[in-house]
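Engineer: Sharing a model prediction with you, sequence too.
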Amino acid sequence: MVLASIPSPSSGQFDLPGPLPAVHAYGLTLLVAIIAAVVLTSWRWGRREGDTDLILRVAVWGVAAGIVGARLYHVVTSWDDVPDPKWQGVFEVWEGGLGIWGGILFGVLAGAWVIKRAGGSVLRALDVVAPALLLAQAIGRLGNWWNQELYGKPTDLLWGLEIDDAHNQDYPPGTTFHPTFLYEALWNLLGVFVLILVGRRWRIRPPALFSLYVAWYTFGRFLLEQLRIDPSGMFWGMRTNAWVALVLFIASSLFFIYWQVYEGQLPRPRFRRGRAAPKRPAMAVPRGRR
């Protein structure tokens, strides 16, 4: 018997008076996530570089590219989950279905392009934006609560999540589930403070902090994928997103160790005292140009 539980909202949208269109809570949550990420990034970038206007330009291009990439990833990997008619469902972002892998990839590439054209350091920018990405992901996950999606296996824990019968057709009425999106949101929020603390306490070589962000997120995501029961592609007996998280965790962890520990801390080889460094052979200069 469940003594307590987390209720789900009865509707995923707010109806406005008059002819105004309804506001979708999922889209509103994403908007709040974007604003929070821009504010945190601007604060961190302003302390280091000073040009906060550049972050606003990065946000415009990065957010647009991120939404396209996130929806593209979802459509390619979960075609059956796209609402009918398919041509319309591809554009219905408010119905859910944004793949974080595609969103981060496209958003980072677009942001790096803007930073590069402005003459800034892409590597430093990656470290600056890392905590903000986790903050945006933490807030954005709450949109899944409004849509009653991406929950986990049944549970009778006190924080079990209630799901309407319309969104739960595989389990008996009254079943409560693991709120995996809430677990992920709390994990990401903790990661924000960890990354900021690491960046302040230790000397981090860009983009090592960004690689630590990838490792932090993918570690938690891999564990949570073991709880999720939403439809997903399978590969070798494991969910596709779990494989993606595992591969990215290993790659980002190895990069962090190599880049920060090996390249950043080991002393460079030096020549012994009394022995001159080998000189490079002088380049031949054509006659008449000496």
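Structural biologist: On my side now, so go ahead. Residues are numbered from 1 along each chain as shown.
Engineer: which SSE is residue 32 in?
Structural biologist: helix 25-48 (DSSP states H and E).
Engineer: Show me what the helix or strand following that helix packs onto, helices and strands only.
Structural biologist: Next along the chain after helix 25-48, taking DSSP H and E as the criterion, comes helix 52-77. Applying 3 or more CB pairs under 8 Å, 6 or more residues apart in numbering; DSSP states H and E, one finds that helix 52-77 makes contact with helix 25-48, helix 100-117. From N, CA and C alone the C-beta is placed, and that goes for glycine too.
Engineer: Can you add mean pLDDT and give the ones you listed back as TSV?
Structural biologist: Below are the helices and strands packed on helix 52-77 laid out as TSV (pLDDT from 0 to 100):
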stretch	mean pLDDT
helix 25-48	89
helix 100-117	90
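Engineer: nearest to residue 209, of those?
Structural biologist: For the helices and strands packed on helix 52-77, the distance to residue 209 is smallest for helix 25-48, at 10.5 Å, taking CB to CB.
Engineer: Look up how far residue 59 lies from residue 53.
Structural biologist: Applying CB to CB, to the nearest Å, the value for residue 53 to residue 59 is 11 Å.
Engineer: Quick one: neighbours of residue 232, just the number.
Structural biologist: Residues near residue 232, counting by other CB atoms under 10 Å, number 16.
Engineer: What residues sit buried inside the helix holding residue 32?
Structural biologist: 25-26, 29-30, 33-34, 36-38, 40-42, 44-45 (16 or more other CB atoms under 10 Å).
Engineer: Report the two of those separated the most.
Structural biologist: Farthest pair in the buried residues of helix 25-48, by CB to CB: 25 and 45, 30.1 Å.
Engineer: State the mean pLDDT of stretch 10-23.
Structural biologist: The predicted model assigns stretch 10-23 a mean pLDDT of 72.
Engineer: quick one: buried residues of it?
Structural biologist: 12, 13.
Engineer: Show me the shaky parts of this protein.
Structural biologist: 1-4, 16, 18, 20, 49-50, 79-81, 83, 85-97, 169, 264-290 (pLDDT under 70).
Engineer: give me that answer again for 80
Structural biologist: 1-4, 10-23, 47-52, 74-99, 166, 169, 231, 233, 261-290 (pLDDT under 80).
Engineer: Residue 196: neighbour count?
Structural biologist: Residue 196 has 16 nearby residues by other CB under 10 Å.
Engineer: Next, the buried residues of the host helix or strand of it.
Structural biologist: Per DSSP H and E: residue 196 is located in helix 180-201. By neighbour count on 16+ other CB under 10 Å, the buried set for helix 180-201 is 180-185, 187-189, 191-192, 195-196, 198-199.
Engineer: go on, stretch 72-79?
Structural biologist: Quick answer for stretch 72-79 (16+ other CB under 10 Å): 72, 73, 74, 75, 77, 78.
Engineer: got the helices and strands packed on helix 52-77 as CSV, with distance to residue 156 columns?
Structural biologist: Listed next are the helices and strands packed on helix 52-77 as CSV, based on distance: least, CB to CB, whole Å:
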stretch, distance to residue 156
helix 25-48, 28
helix 100-117, 29
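Engineer: For residue 244, find the nearest of the ones you listed.
Structural biologist: Across those, closest to residue 244 is helix 100-117 (CB to CB), at 5.9 Å.
Engineer: which element follows that closest one toward the C-terminus?
Structural biologist: By DSSP H and E, the next helix or strand past helix 100-117 is helix 122-140.
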